[in-house]
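In: please work out how this folds:
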Amino acid sequence: MTDPVTLLFGVHAHQPAGNFPEVIDHAHERCYGPFLRTMADYPAFRFTVHFSGPLLDDLAARFPDDIELLRQMVARGQVEMFGAGDTEPVLAAIPYRDRLSQIDALSAKLARRFGATPRGAWLTERVWESSVVPALARCGIRYATVDDYHFLCAGRTQDELDRHFTTEEDGHTLDIFPISEALRYRIPFATAGDAVAYLESLAIAGRRAAAIYFDDIEKLGVWPETHEWVYGKRWLREFVERVLASQRIRTSTFADHHTAERTGGIVYLPTTSYIEMNEWSLPAGPAGEYASFVAAEKSAGRYDARKGFLRGGIWRNFMSRYPEANWMHKRMLALSGRLAALPPDPPHDELRPLLHLAQANDAYWHGLFGGLYLPHLRRGVWRHLLLLEAGLDRVSPRPRAERLDLDHDGVDDVFFSNDEAQVAVRMDGSAAVAEIDGYRLAQNFGDTLRRHAEHYHAKARAGAESSHGGDGGIASAHDRVAFKHAITPDELVPEASPRHAFRDRWQGAGGGAEALSNYAETRLEGTAADFEAHVGATRIGKTIALDGATVTVRYRVHGGAGGRLSTTLDLAMPSCDGVAGRYLVGGSIPGGFGQPLALERASEIVLDDRHMGGGVALRLDPPARVAARPYHTVSQSEEGFERVMQSVTLEIEWTVEDDAAALAAHLTIRSDPK
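Out: Sure thing, here's the model as predicted:
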């Protein structure tokens, strides 16, 4: 007699910290609410749910009836709640002490709301490093889920992966369940009948096999085409009803299955994530080669047999791929260290949630979803970093000037700070400003993203849309090529240099413009730094100083036959090209941030952001020519290729006629009165 296969069905729900409320509303309307209400109609279908902490809090506050329904399903034993890091951090990318506090925070939240402390954990993006085991075990987590791919990379065969295994690190043990890729690609994209037939085929005589599914719940209603497919055409109800009617399938929670079944033995997994992530984390050139190699293996029919040997990159590669992500990450680590160094009494409990929110994973990387490319997600990280930093400064003040190689790129950075603002000056010869922080607004105006080479840009250049559904199902977002916006060729050209503020160029009377990249430091005193650069016979001095909420950059031009000095600033404004962002010049509003602006002789221009409740005022002495324009990048998302406004680019140009010209730009961070 064939033993039934045990379906361990899990869904993971998460929205990035800092995401727009309307995005969460949309996800709830199309997925979270319909899913919970549908599943509540089938008490015999047992399954597992993971909600990230901030999303759970938001849904409980705004949609309490649905969360109460979930609580009832937990109480009747239909649903098991999984734990994790509260704000969905990649546990491997944060310190051990923060792993403990993140896991404990969500476990306590689930215990309060649902009356049960979790024994299982969802690992963000299924990123596995063995170093996470001790923290999980110490927090009472007994098992976690990763992809079956992780096991294939360790030399296990697909036939073995119908049960959990045990791993160990530094004497701590953790059981791990391999999530079936075959199920992830069938649910919900194949027909319900095909998905259930596949499950039934896994039932094996004399073997208590498990079919393990755990994936993003957003695939059940938020991804393109899925809402109508899953709910309008009743895919979910048909799937559940077919499973419950089958004699070859039974459902269980991970908790009950873990209690009833013994481990399949010891296993040690390599550092990896799901296979698509291993492609995304590679630089553009190698990522293209990797994708071509995978395609060739699939075409030759060798892919399934060799998949475990196709490794690609690892999640931490994003820190080396994107300097902007690395900068955020190292700022987070430094502040985590400052928080940990505080005396335990008083506890300063209000600061730790800020650190947790700054550790949310989404803005640190990029793959199928916007992630790092989305300014509002980066702003969510920066907002909490700056709130935390201001709080730490109040209880444990730091030096007003610090010099260090924060991001480990071999170049020092100098931080000037006070109670109102902070700047980070690059000591790499550019004398550019990498970070401009306003503490009252909790805004980093230097939070910009350059155009990076992405191997998927080849599809954008080709320009053809495509979708690959089959056998009566629908296409996964992994297989669709679509365009949310029209893309221009220049928007796909990568840039070698970061888009910092006060990047300077000199154009002599008889020559072309030349970037000033040879500034030598001449003095560092208080919260000011002096630099000097030479272009032929022309000597250019530059001073960067911070006073209150004002950053002043002064130039002194000596020698030569005159010319033009220009400086370029990219400023991150939260409204981007929305209606709340506008320029103010002499009492008039010449346009919004999404529009070009040209001023022949400007002494002051204000970038006013009503969404943020403030902005910056730029005062120029003497008046200068100013050109402003929006700066866009191109990235992919589940909806297709999209243009994203990253910053406002301001080009300021002075004509220098005197032998000893003095020029200055004063950037003042302004916050609206409350």
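In: C-alpha from now on. contacts and neighbour counts both.
Out: Fine.
In: regarding the chain, what is its longest strand?
Out: strand 614-637 (DSSP state E).
In: what's the average pLDDT for that one?
Out: Averaged over strand 614-637, pLDDT sits at 95.
In: may I have the next helix or strand after it as CSV, with CA atoms only?
Out: Downstream of strand 614-637, the first helix or strand assigned by DSSP states H and E is strand 640-656. These are the backbone C-alpha positions of strand 640-656, laid out as CSV (Å, rounded to 0.1, in the frame of the first residue of the first chain):
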residue,chain,number,x,y,z
GLY,A,640,8.8,44.8,-15.7
PHE,A,641,11.6,47.3,-16.5
GLU,A,642,11.0,50.6,-14.8
ARG,A,643,12.6,54.1,-14.7
VAL,A,644,13.2,55.3,-11.1
MET,A,645,14.1,58.8,-10.2
GLN,A,646,17.1,58.7,-7.8
SER,A,647,18.0,62.3,-7.2
VAL,A,648,18.0,65.9,-8.4
THR,A,649,21.2,66.7,-10.3
LEU,A,650,22.3,70.3,-9.8
GLU,A,651,25.1,71.8,-11.9
ILE,A,652,26.4,75.1,-10.7
GLU,A,653,28.8,77.1,-12.8
TRP,A,654,30.8,80.3,-12.1
THR,A,655,32.7,82.3,-14.7
VAL,A,656,36.1,83.2,-13.2
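In: next SSE downstream of strand 640-656?
Out: Later in the chain than strand 640-656, the nearest helix or strand by DSSP H and E is strand 660-671.
In: tell me what that following strand is packed against?
Out: strand 550-558, strand 614-637 (3 or more CA pairs under 8 Å, 6 or more residues apart in numbering; DSSP states H and E).
In: for residue 68, find the nearest of those strands.
Out: strand 614-637 (32.3 Å; CA to CA).
In: look up phi and psi at residue 443.
Out: phi -130, psi 130 (degrees, to the nearest 10).
In: tell me the contacts of it?
Out: Going by CA atoms under 8 Å, 6 or more residues apart in numbering, residue 443 touches 379, 382-383, 386, 437.
In: and residue 338, by the same measure?
Out: Counting by CA under 8 Å, 6+ apart, residue 338 has contacts residue 392.
In: please report the distance of it from residue 74.
Out: Distance, residue 338 to residue 74, using CA to CA, to the nearest Å: 39 Å.
In: bridging residues for residue 599?
Out: Beta-bridge pairing for residue 599 (DSSP bridges): residue 626.
In: likewise residue 581?
Out: Going by DSSP bridges, residue 581 forms beta bridges with residue 609.
In: doesn't residue 595 make contact with it?
Out: No. Here residue 581 lies out of contact with residue 595, judged by CA atoms under 8 Å, at a distance of 10.4 Å.
In: let me know the secondary structure of residue 6.
Out: Under DSSP: H, G, I helix; E, B strand; the rest coil, the three-state class of residue 6 is strand.
In: buried residues in the helix or strand bottoming out on mean pLDDT in the chain?
Out: Here the helix or strand of the chain ranked lowest by mean pLDDT, DSSP states H and E is helix 457-462, holding a mean of 82. Buried residues in helix 457-462, counted by 16 or more other CA atoms under 10 Å: 457, 460.
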